[in-house]
Every structure is written in C-alpha cells, then in structure tokens.
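Asks: got a predicted structure plus its sequence, pasted below:
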Amino acid sequence: MTSFLEKIESNIREMRRVRIEFCRKRRQASEYQRQEFNVWRSSSEAYDLIVFQLEKLGYICPICQQDLNETNATIDHLFPLSRAYHKAMDTSNFLVMCHRCNKKKYNTPFQQWRGQLARYQKNSLDYAIQLIHGKTKLQELIGSSSEP
Ligand SMILES: [Zn+2]
C-alpha cells in the first residue's frame, strides 16, 4: 500500500512532468511562429505593410524620430513575439520602427517598455499606434494589466 506521502510525491512528479511538457510545446509553437513570421517578412505583402505604415508615419521612426525607409525599417511586435507567439502573424500587433529602437525594446512587455520611454517618445508612440491601428487598439495596449 502506498503511503500518503508517496502519493503526494508521485503527484508532484506528475505535475512537474506536465509542466515541462507544456513548456516544451510552448517553445516549439513559439519557434514555429517565429519561423512563419520570418518567411512572411520577406514577402511582398510584408513590404506593402511596411510602406503603408511608413507613409502614415511620414517616414520617421515613431520612437526616436530618425529617418526611416523601406530598407531600414523593421517590424516590431507590440506584444513581444516571445511572450505572445499567437500574435506573431497578427498585423494589428505590428508597428514599424528603426532597428535600434526595435533592438532596444527586444522582448520587454509593452507597458513596461512604454513606461521607460521619454515623454516625447511615448506621445509619438501613442500617436503612431492610434494613426495606424486606431484608438481602440491603443486603449487595449495601454489598458491591459497583463500581457495576453
Ligand atoms: Zn527609432
């Protein structure tokens, strides 16, 4: 007969196993989405999206205000890809910005990153999101207390 303690230990082992499996599957899904995005990134559809956003933004980076064009623009995932891989191909999660700003943001959660920006950058970012994705999207991004 298994003791009560053994039963608990067995349950803990099982929970740990399930958790490891869950993390592994999430990593796989995340990697798959990243690859899908990278393939899409070199398509004409991605190019059109970049041009569309650049035109709206007047060909400047919405964060640092430096000149931006079709060749030096990167597509940022507002909700970071590593944290919200299901939004990897969600164009309402995309914002063009310069390589430097995108790199600086890396996988910082949106609200945390926005909170670290200078006031003029924050204003510019909010304006850009509203201009491209609408007021509701901006509110969704700012208002959400946790990342999806
Ligand atoms: Zn920039």
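Replies: Ah, there it is.

Asks: distance of the residue nearest the centre of the chain relative to N69?
Replies: Of all residues in the chain, the one closest to the mean position by CA atoms, centre = their mean is P80, 2.2 Å from it. Applying CB to CB, to the nearest Å, the value for P80 to N69 is 24 Å. (Glycine included, C-beta is placed from N, CA and C.)

Asks: residues touching stretch 88-104, excluding its own?
Replies: 33-34, 36-37, 40, 49-50, 53-54, 57, 61-64, 66, 68, 72-79, 81, 84, 87, 105, 128-129, 132-133, 137 (CB atoms under 8 Å, 6 or more residues apart in numbering).

Asks: just the endpoints, please. Distance across it?
Replies: Counting by CA to CA, to the nearest Å, the length from the leading to the trailing residue of stretch 88-104 is 19 Å.

Asks: so for it, what gets flagged as buried?
Replies: 88, 93-98, 101-102 (16 or more other CB atoms under 10 Å).

Asks: what does stretch 42-49 give?
Replies: 46, 49.

Asks: per-residue confidence averaged over it?
Replies: Summarised as a single mean, pLDDT over stretch 42-49 is 96.

Asks: what pairs with the closest residue to A73 other than its chain neighbours across the strands?
Replies: Across the structure, with CB to CB, 6 or more residues apart in numbering as the measure, the residue nearest A73 apart from its sequence neighbours is V96 (4.6 Å). Residues found in beta-bridge contact with V96 (criterion: DSSP bridges) are I75.

Asks: re earlier: of the buried residues of stretch 88-104, which pair is most distant in space?
Replies: Using CB to CB, these reach their maximum pairwise distance at A88 and C98, which is 20.9 Å.

Asks: hmm, E70 and Y47 touching each other?
Replies: Yes: judged on CB atoms under 8 Å, Y47 makes contact with E70 at a distance of 6.8 Å.

Asks: any chance of the buried residues of stretch 88-104 in TSV, with pLDDT and distance to I20 too?
Replies: Rendered in TSV, the data for these read as follows (pLDDT from 0 to 100; distance: CB to CB, whole Å):
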residue	pLDDT	distance to I20
A88	89	23
N93	95	29
F94	97	32
L95	98	34
V96	98	38
M97	98	36
C98	97	39
C101	97	36
N102	96	32
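
Asks: filter the contacts of stretch 88-104 down to the ones in strands?
Replies: Those of those mapping onto strands are 73-77, per DSSP state E.
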